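A.B. asks: The following block contains a protein sequence and its predicted model.
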Amino acid sequence: MPNTPDLMFAHRLADQAADIARRHRRAGATATQIKSDGSPVSAADREIEQALRQRIHEQHPNDAIIGEEYGSHGQGHRRWIIDAIDGTASFLAGEPEWSTLIALEVNHRITLGMVSAPALNRRWWAAPNQGAWTSSLPSPRPCTSARRLAISEGSAAADSSLGIWPPPRRLNPTQRAIAAALATRTARTTPTLNWSTADSTAPTPKKPSTGSGTCHGALLVVTGRLDAFLLLGAGPWDIAALIPIVQEAGGIFSDLSGQQRTDTGGALFARPGLHQQLLDIAASAR
């Protein structure tokens, strides 16, 4: 089980984020704004990111940082990647499926990934060549209750279950074509939508993770509830922490061109044996 200084520091960052988020939830309504992409951002998002940035700067002053709310700061071969609250809408609604995502990139390689979901009493983490793990909260240290995660081999695309996010009205025409092609050629797509049409009047569907005990679609692949998950129009903070967790559990990650990148806006997480099939379908829709 991984137990490196960077990993233990990431656990402490996640604990701090959880404390701030819980304080905001106990206080009730939190100040909210709508960003240009239509997603909400709360005072809790901003306070958590600022607090984690400050702590990283104090402990690792030479490390760079990038976060969803305040962008990039610093340069160097080490970079922390933060999403203070992934699932802000769920957080604001009092639903449990939101999380803090923390990743560390060293020399352009993700070397640590952590997803902390305080309201679900659960945390997931991984580091290259050290496995992917999950444990209950409040604290996984000393990790005596941690359980190793494993993803089994995938089957044919036509028999698979696929999660896709965000909904069609937030996708551009190319992305909708890709989502529609994948939905047509897989057995089940979550959420169940007409992915080829951007209906601005349709109610916002629930994310693939809602009601299933995890807070991010890629974790549904790790826990066996989905065969694959496609995230479109994403930033590095949406993707980076999930990469080592999925890979160390035995799954496959890439963007839609098959590259191991977090800056192209697309991320496909899938069982081995299925991943390339889905990439081929996506390529045929472009």
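C.D. replies: Nice, thanks for sending it over. Just so you know, these numbers come straight off a predicted model, no measurement behind them.
A.B. asks: what's whichever helix or strand Val221 is part of packed up against?
C.D. replies: If you go by DSSP states H and E, Val221 is part of helix 217-222. Applying 3 or more Cβ pairs under 8 Å, 6 or more residues apart in numbering; DSSP states H and E, one finds that helix 217-222 contacts strand 161-165, strand 228-232, helix 242-248, strand 266-270. C-beta coordinates here come from the backbone N, C-alpha and C atoms, glycine included.
A.B. asks: Rebuild the ones you listed as JSON lines, extending it with distance to Arg22 and mean pLDDT.
C.D. replies: Output for those, formatted as JSON lines (distance: least, Cβ to Cβ, whole Å; pLDDT from 0 to 100):
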{"stretch": "strand 161-165", "distance to Arg22": "26", "mean pLDDT": "96"}
{"stretch": "strand 228-232", "distance to Arg22": "27", "mean pLDDT": "97"}
{"stretch": "helix 242-248", "distance to Arg22": "23", "mean pLDDT": "97"}
{"stretch": "strand 266-270", "distance to Arg22": "29", "mean pLDDT": "97"}
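A.B. asks: possible to save these as a markdown table with distance to Thr4 and mean neighbour count?
C.D. replies: Formatted as a markdown table, those follow (distance: least, Cβ to Cβ, whole Å; neighbours: other Cβ atoms under 10 Å):
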| stretch | distance to Thr4 | mean neighbour count |
| --- | --- | --- |
| strand 161-165 | 31 | 24 |
| strand 228-232 | 27 | 25 |
| helix 242-248 | 12 | 26 |
| strand 266-270 | 24 | 26 |
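A.B. asks: Adding distance to Val106 as columns, could you present these in JSON lines?
C.D. replies: Shown next, in JSON lines, are the helices and strands packed on helix 217-222 (distance: least, Cβ to Cβ, whole Å):
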{"stretch": "strand 161-165", "distance to Val106": "28"}
{"stretch": "strand 228-232", "distance to Val106": "23"}
{"stretch": "helix 242-248", "distance to Val106": "12"}
{"stretch": "strand 266-270", "distance to Val106": "20"}
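A.B. asks: nearest to Leu256, of those?
C.D. replies: The closest of these to Leu256 is strand 266-270. By Cβ to Cβ, the value is 4.2 Å.
A.B. asks: With just CA atoms, put that closest one into CSV.
C.D. replies: In CSV, the C-alpha atoms belonging to strand 266-270 read as follows (Å, rounded to 0.1, in the frame of the first residue of the first chain):
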residue,chain,number,x,y,z
GLY,A,266,-11.8,14.6,-23.3
ALA,A,267,-11.2,11.6,-21.0
LEU,A,268,-12.2,8.0,-21.6
PHE,A,269,-11.8,5.5,-18.7
ALA,A,270,-12.6,1.9,-19.5
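A.B. asks: Work out the gap between it and the centre of the chain.
C.D. replies: 10 Å (Cα atoms, centre = their mean, to the nearest Å).
A.B. asks: Can you give the strand pairings for that strand, parallel or anti for each?
C.D. replies: strand 228-232 (antiparallel), strand 252-254 (antiparallel) (DSSP bridges).
A.B. asks: Ok, which of the helices and strands packed on helix 217-222 comes nearest Met8?
C.D. replies: Judging those by Cβ to Cβ, what sits closest to Met8 is helix 242-248, at 15.9 Å.
A.B. asks: what about the closest one, distance to the chain center?
C.D. replies: On the basis of Cα atoms, centre = their mean, helix 242-248 sits 10 Å off its chain's mean C-alpha point.
A.B. asks: Output it as CSV, nothing but the C-alphas.
C.D. replies: Extracted as CSV, the C-alpha positions of helix 242-248 are listed here (Å, rounded to 0.1, in the frame of the first residue of the first chain):
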residue,chain,number,x,y,z
LEU,A,242,-8.7,9.7,-11.5
ILE,A,243,-5.9,8.6,-13.8
PRO,A,244,-3.7,6.7,-11.4
ILE,A,245,-6.7,5.3,-9.5
VAL,A,246,-8.2,3.8,-12.7
GLN,A,247,-4.8,2.7,-14.1
GLU,A,248,-3.5,1.1,-10.9
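A.B. asks: Quick check: the gap between Phe9 and Ala179.
C.D. replies: Remark: distance between Phe9 and Ala179 (Cβ to Cβ, to the nearest Å) = 37 Å.
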